[in-house]
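K.L.:
coordinates only, sequence not included:
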């Protein structure tokens, strides 16, 4: 299976350096990282492990203002572990 992403950039948003990148089942592949640079938002719609999502975020400078993971397995006994795993690979500044 291949991974990939796409970028949504409306003309009015592009003039102001705004974009949103959607990635999918990311290793991460480098295209999503390049597209997300100087963007505002990154949404990972995938089965990407939490640590890989954090790593993907850590490769983007400047950091996206909005970050979201979808299809992210969450339950009462796993959510804290998932948040810690993302924080290890994408620490707050």
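P.N.:
Ah, there it is. No experiment lies behind these values; they were computed from the predicted model shown.
K.L.:
packing partners of the longest helix along the chain?
P.N.:
In the chain, with assignment by DSSP state H, the single longest helix is helix 79-89. Applying 3 or more Cβ pairs under 8 Å, 6 or more residues apart in numbering; DSSP states H and E, one finds that helix 79-89 contacts helix 50-58. Any C-beta I mention is one placed from the backbone N, CA and C, and that applies to glycine too.
K.L.:
angle of the helix or strand following the helix it packs on against helix 50-58?
P.N.:
For helix 50-58, the following helix or strand on the C-terminal side (DSSP states H and E) is strand 66-70. Using axes from the mean of the first three to the mean of the last three Cα atoms, to 10 degrees, the inter-axis angle of strand 66-70 relative to helix 50-58 is 150 degrees.
K.L.:
list the buried residues for the longest helix of the chain?
P.N.:
82, 85-86, 89 (16 or more other Cβ atoms under 10 Å).
K.L.:
from the opening residue of stretch 19-30 to its closing one, how far?
P.N.:
This stretch, stretch 19-30, spans 17 Å end to end (Cα to Cα, to the nearest Å).
K.L.:
again with stretch 69-85
P.N.:
13 Å.
K.L.:
what of stretch 67-83?
P.N.:
OK, stretch 67-83 end separation, Cα to Cα: 13 Å.
K.L.:
low-confidence ranges in the protein?
P.N.:
1-14, 16-17, 25-29, 38-41, 45-46, 72-73 (pLDDT under 70).
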